[in-house]
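Colleague: Predicted model and sequence follow; I will ask about them next.
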Amino acid sequence: MTRDSDSLNESLKYVKLYNWAKTLILSGVLKKDEKMPSEHMLQKKFGVSRQTVRTALDRLEYEGLIRRIRGSGTFVSYIYGGDAESKEHIGLIMSYFADYLFPQIYEGIESVMKEKGISIDVAVTRNKLNDESMYLERFLNTDVAGLIVEGTRSSFPNPNMKLYRELQRKNIPIIFIHNHYSNLRFASVEMADERCSQELTRILIDNGHKKIGGIFKYDDMQGMERYKGFMECMSENDLRINDECIKWFSTKDVDYQLSKKSLTDFMKKASECTAMIMYNDEIAERFIEFAESRSIRIPEDLSIASFDNTSLSQNARLKITSAIHPKFELGKRAARNLIHMMEDNGAGDQNYSYKFPVSISNGNSVIDIS
C-alpha cells in the first residue's frame, strides 16, 4: 500500500470518528459536561493514529461541541435542546453505537422531525435488554409522542412485552428499524437482509465459487436473515454448507471471536473455502486486516462479499462487493411513517412496514475462478 493510500485511509477514518462523535453529541446521547472517551480509547476503538484522533477532536472543539481541560480530559460543551418540555418529542432507541451507520440514519430521522418541529430523545441500550426496559419505562413517563426502536437481541423473543403493551394501551405509535421481534407485532422499516444475502451468494456462485463460508451474528435478526439467505441460495444450487466454514459471534463475544487466535483457528478449519460472506463491513474490515497479517490475499486467495457498503470497506486498492444499506433514506422512511402513525393516532400499523429493494455495489473483492 502506498503512502498516498495510507493518507486516504486515515482521512476517511478521521471523518468517521468526527461524524460519530458529532452525531452522538447533537442527538443528546452524549450530554453537556459528560466526559468523552480518552484519546487512547478512541485510537483503539477506531483503529487510527493518535494524530487522526486529535484532528477529529480539533474540529469538534473548533465547532464548540467539546472542550479540553488539561490533566482532566475532554468534555461535551454542547447544550442539547431536545429536553424542552414544551416541545413535542419522539423517542429513538438504538441497540448500540453502530459507528458507521448511526450518524446517517439519525440525520435521516432528524431531517423529517425538524420539519415538523419535533425533537428526538435518543437512548442507547448497548444491546442489553435491561437497558431497553429502563428506557421504555422512561418514555412511558415522559409523554413521548412516538417511538422508533432498533430491537435489542432481536433474534430472540423479547421479554419486555408488558412495557410495549402499555405503550400501545396509551396509543403511542411504535415503528422498528433494521429488525422486529417475533413475539411482538409492530410496523418496521428494514433492509431486505435475506434477499440481499441470496444475491451476494449468487454473485459468488456465478464466479465459480462452490466452497463458501461466512461470519454471521446470531443475536440479532439481521444476522439470522443474512445466514438464511446464504443457506437458501446454496441449497438452491445444490451446494453443501460445511459447518466448519461458518463462524458465529454475538455482541458480547465479538472481540474474542474476531481475535487473531480465534480467526487463525477458524481459517485452519475453513481452508477449503474460496469465498466468504461477512455479516457487515465492520466485520469485513477486521477480517481483511487479519488476512493481510497472514498473507491471505483478497480476492486472489479468498473472495469477500459483505453488507452495508460503507466507507469502512473502501480504500485505494480494495472495494468490497457489498449489499447497499439505505442509511439516510431508511431513517427518513421510518420517521415519515411514524409521523403518519402519530397523525392516525397510532391506529393500524400494518400499512407502515417497508423493506428496501435489493441493491448491490459491485467491487473488486470477488474474483472469477470458473
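Modeller: Now that the structure is in, tell me what you want to look at. Source: prediction; values computed, not measured.
Colleague: S38 and F75 touch, don't they?
Modeller: No. With contacts counted by CB atoms under 8 Å, S38 stays clear of F75, the gap being 11.9 Å. In short, each C-beta sits where N, CA and C put it, glycine included.
Colleague: In terms of packing, which of those two has more residues around it?
Modeller: F75 (15 against 12; other CB atoms under 10 Å).
Colleague: So what does the more buried one have for phi and psi?
Modeller: phi -130, psi 150 (degrees, to the nearest 10).
Colleague: With R240 instead?
Modeller: Torsion angles, degrees, to the nearest 10, at R240: phi -90, psi 140.
Colleague: how much space is there between it and F216?
Modeller: According to CB to CB, to the nearest Å, R240 stands 17 Å off from F216.
Colleague: and these two? which has more neighbours close in?
Modeller: Taking other CB under 10 Å, R240 and F216 do not tie; F216 has more neighbours (22 against 9).
Colleague: What is the neighbour count of V76?
Modeller: Neighbour tally, V76, other CB under 10 Å: 22.
Colleague: wait, isn't it in contact with G28?
Modeller: No. With contact defined as CB under 8 Å, V76 does not count as touching G28 (9.9 Å).
Colleague: Sketch out the strands for this structure, chain order is fine.
Modeller: 66-69, 73-76, 89-94, 119-124, 147-150, 174-177, 187-191, 212-217, 246-249, 275-278, 303-308, 321-324, 354-356, 360-361 (DSSP state E).
Colleague: I'd like those as JSON lines, with distance to L136 appended.
Modeller: Shown next, in JSON lines, are these (distance: least, CB to CB, whole Å):
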{"stretch": "strand 66-69", "distance to L136": "30"}
{"stretch": "strand 73-76", "distance to L136": "25"}
{"stretch": "strand 89-94", "distance to L136": "8"}
{"stretch": "strand 119-124", "distance to L136": "9"}
{"stretch": "strand 147-150", "distance to L136": "8"}
{"stretch": "strand 174-177", "distance to L136": "10"}
{"stretch": "strand 187-191", "distance to L136": "17"}
{"stretch": "strand 212-217", "distance to L136": "23"}
{"stretch": "strand 246-249", "distance to L136": "27"}
{"stretch": "strand 275-278", "distance to L136": "32"}
{"stretch": "strand 303-308", "distance to L136": "28"}
{"stretch": "strand 321-324", "distance to L136": "31"}
{"stretch": "strand 354-356", "distance to L136": "23"}
{"stretch": "strand 360-361", "distance to L136": "36"}
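Colleague: Need these in JSON lines (columns: distance to Q51 and mean pLDDT).
Modeller: Below are the strands of the chain laid out as JSON lines (distance: least, CB to CB, whole Å; pLDDT from 0 to 100):
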{"stretch": "strand 66-69", "distance to Q51": "16", "mean pLDDT": "90"}
{"stretch": "strand 73-76", "distance to Q51": "16", "mean pLDDT": "91"}
{"stretch": "strand 89-94", "distance to Q51": "30", "mean pLDDT": "93"}
{"stretch": "strand 119-124", "distance to Q51": "28", "mean pLDDT": "88"}
{"stretch": "strand 147-150", "distance to Q51": "33", "mean pLDDT": "97"}
{"stretch": "strand 174-177", "distance to Q51": "35", "mean pLDDT": "97"}
{"stretch": "strand 187-191", "distance to Q51": "35", "mean pLDDT": "96"}
{"stretch": "strand 212-217", "distance to Q51": "31", "mean pLDDT": "98"}
{"stretch": "strand 246-249", "distance to Q51": "31", "mean pLDDT": "98"}
{"stretch": "strand 275-278", "distance to Q51": "29", "mean pLDDT": "98"}
{"stretch": "strand 303-308", "distance to Q51": "27", "mean pLDDT": "97"}
{"stretch": "strand 321-324", "distance to Q51": "29", "mean pLDDT": "97"}
{"stretch": "strand 354-356", "distance to Q51": "38", "mean pLDDT": "97"}
{"stretch": "strand 360-361", "distance to Q51": "30", "mean pLDDT": "96"}
